[in-house]
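A.B. asks: Quick one, structure for this:
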Amino acid sequence: MASGPLPFEFLQSASKVSDLPESEIELAVVGRSNVGKSSLLNAIANRKNLARTSKTPGATRLINVFEFEKRPGHWLVDLPGYGYAKVPEHERARWQRMIEEYLTSRETVTNALVLIDGEVGPTKLDLQTVEWLEHIQLPAVFVATKMDKVKPSKSKARRTELAEKLGVAKGEILWVSAAKGTGLDELRAAIMKLLELDD
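C.D. replies: Down below sits the predicted model:
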């Protein structure tokens, strides 16, 4: 199991899928605007500024590519968050088209890392996204974020509720806290496996 930070480096941002070069394998990171994607990416690499974070949801507006330092072409790809971001409707629609084009046209995307806010559980938008990923036959790996914000007394019930709503076994959801570092080793190990880096 991975026990330390994963050496990802920022490679590039793109506003169009056609601007991306070829790769070996890609793992897409998907989630709502305020689910904590950037914070989690920084925690995985133990870097403060690998991914841009903001107190205002919607900081990620482009396709951001992070490459595993020792294996060129092995990418973590951070996509704009859906839902909450306070941006004009036409901009949000552009993001959606960009995300859909990316996920359906990049043949090297093998899985989606779907981030769900562990404190609030899956929203209607989350469930629609999961349904769409099933429709395009892109396997999803679920990560529940903000584990530190779930009260211990409610943890068991929340884990059961999350699994039931997502239609998976409790053991299939990775629970993490970017703030506390909880669950990061398990998540890093999963990323290594998904990006075929553990051989």
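
A.B. asks: Would you map the strands across the protein?
C.D. replies: For the chain, the strands identified by DSSP state E occupy 8-14, 25-31, 63-68, 74-78, 109-117, 140-145, 173-175, in order along the chain.

A.B. asks: Check what contacts the third one and list those residues.
C.D. replies: Think strand 63-68. For strand 63-68, the surrounding residues in contact (Cβ atoms under 8 Å, 6 or more residues apart in numbering) are 6-15, 17, 20, 41, 45, 50-51, 73-80, 98, 102, 195, 197. All C-beta atoms are positioned from the backbone trio N, CA, C, and that covers glycine.

A.B. asks: now with 6 Å?
C.D. replies: Counting by Cβ atoms under 6 Å, 6 or more residues apart in numbering, the neighbours of strand 63-68 from elsewhere in the structure are 8-14, 74-78, 102.

A.B. asks: Now tabulate those residues in CSV and tack on neighbour count, pLDDT and distance to Arg94.
C.D. replies: Shown next, in CSV, are these (neighbours: other Cβ atoms under 10 Å; pLDDT from 0 to 100; distance: Cβ to Cβ, whole Å):
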residue, neighbour count, pLDDT, distance to Arg94
Phe8, 23, 95, 26
Glu9, 12, 94, 27
Phe10, 17, 93, 22
Leu11, 19, 94, 22
Gln12, 13, 92, 19
Ser13, 15, 91, 15
Ala14, 17, 92, 13
His74, 23, 98, 28
Trp75, 24, 97, 22
Leu76, 25, 96, 23
Val77, 25, 96, 17
Asp78, 26, 93, 17
Tyr102, 19, 95, 12
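
A.B. asks: Can you redo the residues you listed as TSV, where the extra columns are distance to Leu166?
C.D. replies: Formatted as TSV, the contacts of strand 63-68 follow (distance: Cβ to Cβ, whole Å):
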residue	distance to Leu166
Phe8	26
Glu9	32
Phe10	30
Leu11	30
Gln12	32
Ser13	30
Ala14	30
His74	27
Trp75	25
Leu76	22
Val77	22
Asp78	21
Tyr102	22
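
A.B. asks: If we only consider those, which is nearest to Arg32?
C.D. replies: Checking those against Arg32 with Cβ to Cβ, the nearest one is Asp78 at 13.3 Å.

A.B. asks: on that earlier part again, can you tell me which of the strands of the chain is nearest to Glu91?
C.D. replies: Evaluated over the strands of the chain, closeness to Glu91 peaks at strand 63-68, with 14.7 Å, by Cβ to Cβ.
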